[in-house]
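Colleague: here is my input; please provide its structure:
(one chain, ligands or ions: 1)
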Amino acid sequence: MNTEKFKGVFPAFYACYDDNGEISAERTQLLAKHLMEKGVKGLYVGGSSGECIYQSVEDRKKILENVMKAVKGKLTIIAHVACNNTKDSCELAAHAESQGVDAIAAIPPIYFHLPEYAIAEYWNDISAAAPNTPFIIYNIPQLSGTILTMSLYKNMLKNPNVLGVKNSSIATQDIQMFKTEAGKDHIVFNGPDEQFISGRAIGADGGIGGTYAVMPELFLKMNEFLEEGKMKEALEIQNKADAIIYKMCEAHGNLYAVMKEILRINENIDIGNVRKPLPGLIPEDIPIVEEAAKMIRDAISELQ
Ligand SMILES: CC(=O)N[C@@H]([C@@H](O)[C@H](O)[C@H](O)CO)[C@@H](O)CC(=O)C(=O)O
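Modeller: Reported below is the predicted structural model:
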C-alpha cells in the first residue's frame with residue numbers, strides 16, 4: 001500500500017447544509033475547495049464532525065460525491081461509512097469505492113455491546129463491500145462505547161485491506177501500541193486535536209481532527225515544526241490551539257455549531273447550522289464565538 005498519501009493533516013469535514021437544513025452540494029464543494037487551498041493533505045468525510053450519525057444514506061452519498069467533485073483527485077480522501085447497521089454501511093462502502101476514495105473508515109456498531117467476533121465481522125463485511133479500498137478502523141471509545149482492544153486489532157490485521165487506525169482514544173500510548181503491532185506499512189492517525197503533537201511524537205503518522213478546519217494553518221505549522229524536530233515551537237502552537245478549543249467548548253451550542261459560526265466570521269463561508277438533536281447556538285454564545293474567532297485570527301497572524 002502507498003502510505004505516504006496518508007501522512008499529514010486531515011481536517012474532519014463538516015456537514016454543509018442549506019438554509020433549510022438539507023445537504024448543500026454547493027456549500028460542500030465550497031468548503032472542500034477552501035480546505036484544499038489551505039494546503040491540507042486530505043479530508044476525512046462523514047465522521048463525527050460530519051454529523052454522520054444524523055444523516056441518511058442518501059445525504060452521505062451526496063456529500064461524498066460533492067467533495068470528490070471539488071477536489072478532483074488532488075487530496076487524499078477518507079470516507080467514513082459506518083451507519084450502525086451492516087447493510088447501509090456496505091452500501092456506503094461500495095459507493096465510496098465507486099467514487100474513487102483513497103480509504104474507507106468505520107466506527108464499531110453502537111448501542112448494543114457486541115462481542116469482538118461480531119465487531120470484526122461487521123468491519124470485515126464493510127471492507128469486503130469495497131474490496132479494492134484500504135480500510136481504517138475508527139477507534140473512538142468515548143463516543144462509540146467500544147474499545148479497540150489489541151486482540152480485536154490483531155484479528156482485524158488478518159484482513160490485508162486494513163490500513164490502520166484513526167485513534168481518538170485519549171491515551172496516546174494506544175497510538176504507540178497500534179503502530180508497533182501493525183508495523184511501518186500501516187498508518188495511525190491522532191484523533192484528539194488537543195494532543196496533536198503528543199500523538200505525532202509517539203508515532204502517529206498524521207492527524208484527523210474536528211477543529212482543524214477552523215484553524216488549518218495552526219495544525220499545518222505544528223506538523224511542519226515536528227518534521228523539522230522543532231518540538232518547542234510546535235508546543236507553543238499546540239498551547240494556543242488548546243486554549244481556542246477550550247474557549248469553543250464553553251458555548252451552550254455544540255462545538256460544530258460554534259465552528260460553523262467561526263467559519264462565517266473568519267472566512268466568510270456559510271455552511272449552515274447543525275442538525276438536531278445537536279444543540280445550536282444561543283444568543284449568550286455569541287461573545288464566546290467571537291472571542292474564539294479572534295483567538296484563531298491572532299494565533300495565525302503570530303505564526304513565524
Ligand atoms: C471526540 C471527538 O469528537 N473527537 C474529534 C476531535 O477532533 C475533537 O473534536 C477535538 O479534539 C476537540 O475536542 C475527532 O477525533 C473526531 C473526528 O475526527 C471526526 O470528525 O470523525
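Colleague: look up phi and psi at the residue of the stretch 151-300 of the chain found nearest the ligand.
Modeller: Distance from the ligand to each residue of the stretch 151-300 of the chain (CB to the nearest ligand atom) is smallest for G210, at 2.9 Å. For glycine as for every other residue, the C-beta is placed from the backbone atoms N, C-alpha and C. Listed backbone geometry of G210 is phi -70, psi -20, with angles given as degrees, to the nearest 10.
Colleague: let's verify the residue nearest to it when sequence neighbours are not counted: helix, strand, or coil?
Modeller: Leaving aside its sequence neighbours, G210 sits nearest to S49 (CB to CB, 6 or more residues apart in numbering; 4.0 Å). For S49, the secondary structure call by DSSP: H, G, I helix; E, B strand; the rest coil comes out as coil.
Colleague: tell me the contacts of S49?
Modeller: For S49, the contact set (CB atoms under 8 Å, 6 or more residues apart in numbering) comprises A12, F13, Y14, A15, G210, A213, Y256.
Colleague: so how far is P283 from it?
Modeller: Separation of S49 from P283 (CB to CB, to the nearest Å): 24 Å.
Colleague: same deal with L75?
Modeller: According to CB to CB, L75 and P283 sit 37 Å apart.
Colleague: of the two, who's got more company?
Modeller: Neighbours per residue, other CB atoms under 10 Å: of L75 and P283, the larger number sits with L75, 20 against 7.
Colleague: thought the more buried one was touching K38?
Modeller: No. Shown here, L75 and K38 do not form a contact pair, counting by CB atoms under 8 Å, at 10.8 Å.
Colleague: what about I104, which helix or strand?
Modeller: When secondary structure is defined by DSSP states H and E, I104 falls within strand 103-106.
Colleague: quick revisit: what's the pLDDT at the residue of the stretch 151-300 of the chain closest to the ligand?
Modeller: Taken from the predicted model, the pLDDT recorded for G210 is 98.
Colleague: now the strand holding I104: how far from the chain's centre is it?
Modeller: The offset between the C-alpha centroid of strand 103-106 and the centroid of the whole chain comes to 11 Å, using CA atoms, centre = their mean, to the nearest Å.
Colleague: tell me which strands it pairs with, and in which orientation.
Modeller: If you go by DSSP bridges, strand 103-106 pairs up with strand 76-80 (parallel), strand 135-139 (parallel).
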